[in-house]
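S.K.: show me the folded form of this:
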Amino acid sequence: MAWAASAFLACECAPVLGQNRAGSDWKILFDGKTTAGWRGIGKTNFPEKGWVVEDGCLKHPKAGGGGDVITVDSYANFEFEWEWRLGAGANSGVKYLVVEKRGPIAHEYQMLDDAGKAVNKNSTGSLYDLLPPVNPPVKPVGEWNRSRIRVQGKQVEHWLNGVKVLEYELESGALNAAVAKSKFKSVAGFGAKVMGPILLQDHGGEAWFRNLRIRTLPAIGTVTGAVQSSEAGAWRSLFDGQDTSSWRGFKKPGFPTKGWVAEDGCLHVLPKGGGGDVITVEPFDNFEFSWEWKASYDCNSGVKYLIREERGAVGPEYQMLDDAHNAEGKNGPQRATASLYDVLGPTSVPLRPLAEFNESRILVQGNHVEHWLNGQKVLAYELGSPDLKAAVANSKFNNTSFFGIKTQGRILLQDHGHEVWFRNLKIRPLSEK
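M.R.: Numbering: from 1, shown residues only. Alright, predicted model coming up:
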């Protein structure tokens, strides 16, 4: 699409990022009108030339000068989202964990007009000059891309148009080896976890930014304020993208031979595939379980926990739903995504569009339970508590004597006949609270 001329890129900057997600913890970094949250790198004010606010966009004209701009605030654990597009032949990027005293040298999410070029360590979505993205779904020049950078602890993710294209760990052996072969090999401390501002690059090309927002994340190991890293065991993968040996069919010795497929790094539930529910081979009592999932249109699925097979597939369920289209979404908050199904509703539902993966987490420690969705704690309750018993009494489980009582049990992935994808399933044991 190299034919797209600069005149074609009229901005039309209507805000769209926030339309599909709820949650008040996001901080707007650019409202389409003012640059109050930004300043020039090494300067106290926003550049007087080069960068302009135009039609709700933060635009950098070709060869406009002005230099890089950074956020006024610094961040250590965060999720940063933005939309962008470039002029033909343009090269730009977003840098993070910037140490201002060493200048604009930092981790960079590359933004490039790289149509027709092979994917490499300088492609769009890469960690520039270090690590290549995996199958980056970059859109043609003239179209808007949506990107996300997530940094939590030492774990870093790059997302592009709803797809996670890169994941790495700060200070890891793999990253250090990549740095040693890069242009940053002589930069002391490059690749270390630090706190720093976000930087928008002036690389001389024509670039537009809009819908820039950020939210802070808890450091890994401080999920609730009560769970510290010293109290938690190591994370263990329950599915590496291929191996299903940590799972078996419900009340069966082996994994289903139909209905479930390991493909493209996902555990894929086929529509009306007939494979039935699957459960972990091992039981768990105090744990933190994390996974990513993507629903199909009208999908209804879920993850159950503390399941004991002799009782059937009845137990607490983290609901997973296409809330906008499935009929269950109209039956009250207690049946919404991230609810304790039919018992307790979430405080909010920061659900991503159907084409994107959601990130979910269940924490069980003693009698305390939490449901998390896309970085937000949306539900907390106590097993065996009067409040929970009252909610159970008003639910379909009112005649199930064991429902809501703490026990050791397995984790169950539901086959509800609808198409759904699971990936990055992992667990770690926790100490009893």
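S.K.: which residue ranges form the strands in the stretch 101-250 of the chain?
M.R.: With DSSP state E, counting those that start in this stretch as the criterion, the stretch 101-250 of the chain has strands at 107-112, 145-152, 155-160, 163-169, 199-200, 207-216, 236-237, 247-249.
S.K.: hey, which of those is tucked in deepest?
M.R.: Per-stretch averages of neighbours, counted by mean count of other CB atoms under 10 Å, single out strand 107-112 among those, with a mean of 26. (Glycine included, C-beta is placed from N, CA and C.)
S.K.: also compute the angle for it relative to strand 155-160, please.
M.R.: 10 degrees (axes from the mean of the first three to the mean of the last three CA atoms, to 10 degrees).
S.K.: identify the bridge partners of K95.
M.R.: Under DSSP bridges, the beta-bridge partners of K95 are E108, L199.
S.K.: what's the burial count for it?
M.R.: K95: 23 surrounding residues under other CB atoms under 10 Å.
S.K.: need the strands of the stretch 101-250 of the chain in a markdown table (columns: distance to V369 and mean pLDDT).
M.R.: Below are those laid out as a markdown table (distance: least, CB to CB, whole Å; pLDDT from 0 to 100):
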| stretch | distance to V369 | mean pLDDT |
| --- | --- | --- |
| strand 107-112 | 35 | 97 |
| strand 145-152 | 21 | 95 |
| strand 155-160 | 24 | 94 |
| strand 163-169 | 27 | 91 |
| strand 199-200 | 40 | 97 |
| strand 207-216 | 23 | 95 |
| strand 236-237 | 20 | 92 |
| strand 247-249 | 22 | 95 |
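S.K.: JSON lines for those strands, including distance to W260?
M.R.: Shown next, in JSON lines, are those (distance: least, CB to CB, whole Å):
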{"stretch": "strand 107-112", "distance to W260": "34"}
{"stretch": "strand 145-152", "distance to W260": "28"}
{"stretch": "strand 155-160", "distance to W260": "26"}
{"stretch": "strand 163-169", "distance to W260": "22"}
{"stretch": "strand 199-200", "distance to W260": "43"}
{"stretch": "strand 207-216", "distance to W260": "34"}
{"stretch": "strand 236-237", "distance to W260": "17"}
{"stretch": "strand 247-249", "distance to W260": "9"}
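S.K.: ok, which of those strands comes nearest G265?
M.R.: Of all the strands of the stretch 101-250 of the chain, it is strand 163-169 that lies closest to G265, at 9.7 Å by CB to CB.
S.K.: got the angle for the closest one vs strand 107-112?
M.R.: Using the same axes, to 10 degrees, strand 163-169 lies at 150 degrees relative to strand 107-112.
S.K.: packing partners for strand 163-169?
M.R.: strand 155-160, helix 173-180 (3 or more CB pairs under 8 Å, 6 or more residues apart in numbering; DSSP states H and E).
S.K.: distance to S186 added to these, as a markdown table?
M.R.: Output for these, formatted as a markdown table (distance: least, CB to CB, whole Å):
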| stretch | distance to S186 |
| --- | --- |
| strand 155-160 | 22 |
| helix 173-180 | 10 |
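S.K.: what is the neighbour count of K377?
M.R.: Residues lying near K377 (other CB under 10 Å) number 18.
S.K.: other SSEs contacting the helix or strand that contains it?
M.R.: Assigned by DSSP states H and E, K377 falls within strand 376-382. The contact analysis (3+ CB pairs under 8 Å, 6+ apart) places strand 376-382 against strand 368-373, helix 386-393.
S.K.: any weak-confidence spans in the stretch 301-433 of the chain?
M.R.: 433 (pLDDT under 70).
S.K.: can you pull out the strands in it?
M.R.: Under DSSP E, counting those that start in this stretch, the stretch 301-433 of the chain gives strands at 317-321, 358-365, 368-373, 376-382, 410-413, 420-429.
S.K.: which among those strands is found nearest to V165?
M.R.: Nearest to V165 among these is strand 420-429 (13.7 Å), distances taken as CB to CB.
S.K.: which neighbouring elements make contact with the closest one?
M.R.: Applying 3+ CB pairs under 8 Å, 6+ apart, we find strand 420-429 packed against strand 236-237, strand 266-269, strand 287-295.
S.K.: please identify the deepest-packed of the strands of the stretch 301-433 of the chain.
M.R.: strand 317-321 (a mean of 26).
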